[in-house]
Structures are given as C-alpha cells and as structure tokens.
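**Q** take this sequence and fold it.
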Amino acid sequence: MKEDRIINALGQVKDEYILEAAPKAGREKHHAFRGLAAALAIVLLGALFFQTAPGAAAAEYVAEKVRSLIQTLFPPKEITIMVEGAPVEGQYSAVGQEPEAGETGADAVPGFAIYIDSESYTMTEENGVTIIRPVNFSPDLPTCGMDIVHLPDITVQEAAEAAKAEIPFDWEVSETEAWSMPDSLSFFARSGWEWDSACKQVFLIPDGQQGVFQATIQYFFEAAEGHGVRLLSMLHTFTLIPEG
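**A** Okay, here's the model as predicted:
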C-alpha cells in the first residue's frame, strides 16, 4: 500500500519557571502565629465561598482554565499534508489528556497532546480512551478514526503482542517493526482486499515511565489515501507531557 511521506509537526513547549517564596529569618514568633491564623481564616472563608453560587461559578471557571492547559501549551496552527497526491491545508487544534500525579513518582501517569484537524475531526473521551472521529461520516460505512489508550506497567513488545492477540484470526497481520518515534513499535492488519475491508494500524509508544500509549488507527481499504493518511499525519504530532 502506497503512503506519502508526511510532516512531523511536534508542539514545542518552553520551560516555565516558578518562584517559591521562603519565610524570612528573624521574624518574631507572634508574627508567625498571626500569619497562621490569617491563613486558616482564608481557608475557612474559601471553603464557605465555594459552597455559594458565585463560588461554584468561580470553581467552574478555574476548572475550565485547567482543561485548557493543553490548548495553552500547544496553540492552534495550520498544517499542510499530502492527500491523494495533492496538498491539503487545515486548521489543527491540540487535544489530549493531562498528566495525573500519583502518591509516588512511579504512580504518576504522563499525559499527551496531539494535533487534530479541528474542521474535519472531533475528539471525545470515554472510559479513559481518547476517541478521534470524522465530523461528517456515514454510519453505513466501516468505522474510521483513532483510539488512544494508556497501558500501565507493560513494555512496548508486550503491548504489541497483546494487541495482535486481539486481531481476528482470519485477518492478515504484518510483522511488528520499529516506528518513527523513539523505541516505538507498530504493525498493520486488514480483513481483506475489498473496497470496504477493515484496516488497522497499531502503534505502541513508550510513556517515559513503565507504560505504553497504544494508538489504533482504523479505516476501510478505499479510505487508505484519505482518512488513513490524515489520521497518520495527526499521530505524527503526538507529544508526551510528563507529570509535573
């Protein structure tokens, strides 16, 4: 199957610097007690405030700002890809999952960002799976899209073997091979050679800790040069976001 070489447009994030204020030496003890009392008062007032309607609105505002973290670090941009031999420009927006802190460093879950063609595709999240699908797509056609899921405590090789075991036995499955991202693996599978035969490309990307992100691109055979190329170009923008 012929595939055009596509761009690899990874988002670049600048380091943020945080200044932490340390208490000054030589303060009197009563100043410390006074400061502690003031801090406790602020906490109590804050707890009462967030139980009110304005407080709930403020909490929702803060939550919305947190949800927009990925869009802040990875601003929208135009990307041009080759689709069926012709350049196609699109407005791409970043989506993904934010990192999650754990009780220990080993428990932390890294996040990721990925640019999608926001005019043609949409992203939803269901049971921890990031689901990317075309905006306008006939339900009478085989599914096209990309699913991304985090698999903890597994190597890329183990994840590849587990993913292959889920492929129907009558499908044609390629050998597992290295992918363009460091230490990543991929394989291809298809149900046949008909125009509507289902195709899958599975990519196993190490999360930088002890797990793997599994990205599965699916489309039907006739859509290989359309949705297949578009979805693969989006996956090339996949960027890990370390916890912290």
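**Q** what is the neighbour count of T124?
**A** Number of residues near T124 (other C-beta atoms under 10 Å) recorded here: 10. C-betas here are computed from N, CA, C, even on glycine.
**Q** check which helix or strand covers it.
**A** Secondary structure from DSSP states H and E places T124 in strand 121-126.
**Q** what do you get for A162?
**A** Counting by DSSP H and E, A162 is part of helix 156-165.
**Q** direction included, what does the helix or strand just after that helix pair against?
**A** Per DSSP H and E, helix 156-165 leads on to strand 172-173 as the next helix or strand towards the C-terminus. Sheet pairing of strand 172-173 (DSSP bridges) gives strand 185-190 (antiparallel).
**Q** the partner strand: what's the following helix or strand?
**A** strand 198-206.
**Q** so which residues make contact with that following strand?
**A** Contact with strand 198-206 is made by 142-143, 156, 159-160, 163-164, 167, 179, 181-191, 212-221, 224, 228, 232, 235, 238, 240, as judged by C-beta atoms under 8 Å, 6 or more residues apart in numbering.
**Q** could I get the buried residue list for stretch 236-244?
**A** Across stretch 236-244, burial judged by 16 or more other C-beta atoms under 10 Å covers H236, T237, F238, T239, L240, I241, E243.
**Q** with stretch 168-182 instead?
**A** V173, T176, W179, M181.
**Q** now, those that are in strands?
**A** Members of the buried residues of stretch 168-182 lying in strands (criterion: DSSP state E): V173.
**Q** could you dump the buried residues of stretch 168-182 to JSON lines with distance to T80 and pLDDT?
**A** Formatted as JSON lines, the buried residues of stretch 168-182 follow (distance: C-beta to C-beta, whole Å; pLDDT from 0 to 100):
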{"residue": "V173", "distance to T80": "33", "pLDDT": "97"}
{"residue": "T176", "distance to T80": "31", "pLDDT": "97"}
{"residue": "W179", "distance to T80": "22", "pLDDT": "95"}
{"residue": "M181", "distance to T80": "21", "pLDDT": "92"}
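**Q** adjacent strands (with direction) for the strand holding T124?
**A** When DSSP bridges is applied, strand 121-126 pairs with strand 129-134 (antiparallel).
**Q** using CSV, write out every CA atom in the strand it pairs with.
**A** Presented in CSV, the C-alpha positions along strand 129-134 are these (Å, rounded to 0.1, in the frame of the first residue of the first chain):
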residue,chain,number,x,y,z
VAL,A,129,-9.9,6.2,25.9
THR,A,130,-9.3,9.3,23.6
ILE,A,131,-11.6,8.8,20.6
ILE,A,132,-11.0,10.8,17.4
ARG,A,133,-13.6,10.5,14.7
PRO,A,134,-14.6,12.4,11.4
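**Q** beyond that strand, next helix or strand please.
**A** strand 145-151.
**Q** spatially, which residue comes closest to G226, not counting chain neighbours?
**A** Among residues not flanking G226 along the chain, V83 sits closest, at 6.4 Å (C-beta to C-beta, 6 or more residues apart in numbering).
**Q** check S186 too.
**A** W179 is the one closest to S186 (C-beta to C-beta, 6+ apart), at 4.2 Å.
**Q** output the below-cut-off pLDDT ranges for this protein.
**A** For the chain, applying pLDDT under 70 flags the ranges 1-51, 53-68, 102-107, 244.
**Q** circling back: so the residue nearest to G226 sits against E225, correct?
**A** Yes. The pair V83 and E225 qualifies as a contact (C-beta atoms under 8 Å) at a distance of 6.9 Å.
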